[in-house]
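S.K.: here's my sequence, what's the structure:
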Amino acid sequence: MNQQKLPNATAVLVLGIVSIVTCCCYGIVGIITGVIGLSLYSKDNALYQQNPGLYSDYSNLKTGRILCIIGIVLSVLYLIYLVVMISTLGWDALTDPEVMKERMRELTGQ
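M.R.: Take a look at the predicted model:
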């Protein structure tokens, strides 16, 4: 029997990698690419489960899913980190190193 490739397995893998790489872009890009990758995964997984013997690259699909989940988690953690930093130091401290030093001195009591 001639096995076919799943239609979105490579796309899920690429989106998972992009999700991890872009998790530090304010967290938003990583979350978006990870969610898109997971939605494509669910479609291909349903297709694979209907006829497992017909498709050959299910391992790429599973790897892409894991990468998407890791990318989403890292992106959410980075987004939480940014919210905490902005709420404690302020946006102006994140853009100006001198203000950052001053705010850090105030927080540490020196």
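S.K.: so what's the backbone phi/psi at Tyr55?
M.R.: phi -120, psi 150 (degrees, to the nearest 10).
S.K.: just the pLDDT for it.
M.R.: Looking at Tyr55, its pLDDT reads 92.
S.K.: what do you get for Met85?
M.R.: According to the prediction, Met85 has pLDDT 90.
S.K.: list the contacts for the closest residue in space to it that isn't next to it in sequence?
M.R.: Excluding the flanking residues, the one nearest Met85 by Cβ to Cβ, 6 or more residues apart in numbering is Leu94, at 6.4 Å. (Glycine included, C-beta is placed from N, CA and C.) Counting by Cβ atoms under 8 Å, 6 or more residues apart in numbering, Leu94 touches 85-86, 100.
S.K.: quickly find the element holding Leu94.
M.R.: helix 91-95 (DSSP states H and E).
S.K.: most neighbours, which of the contacts of Leu94?
M.R.: Highest neighbour count within the contacts of Leu94: Met100, with 16 neighbours (other Cβ atoms under 10 Å).
S.K.: which helix or strand in the protein has the lowest average pLDDT?
M.R.: Least confident helix or strand, the chain: helix 91-95 with a mean of 87, by mean pLDDT, DSSP states H and E.
S.K.: the longest helix in this structure is where?
M.R.: helix 58-89 (DSSP state H).
S.K.: report the spatially nearest residue to the spatially most central residue of the chain, omitting neighbours in sequence.
M.R.: Central residue of the chain (Cα atoms, centre = their mean): Gly71, 2.5 Å from the mean position. Closest residue to Gly71 apart from its sequence neighbours, by Cβ to Cβ, 6+ apart: Ser19 at 2.6 Å.
S.K.: pLDDT weak spots in this protein?
M.R.: Scanning the chain for pLDDT under 70 picks out 1.
S.K.: can you do 80?
M.R.: 1, 110 (pLDDT under 80).
S.K.: about what we covered before: who touches the residue nearest to Gly71 in this structure?
M.R.: Taking Cβ under 8 Å, 6+ apart as the contact definition, Ser19 lies against 30-31, 33-34, 37, 67-68, 70-72, 75.
S.K.: all good on my end, thank you.
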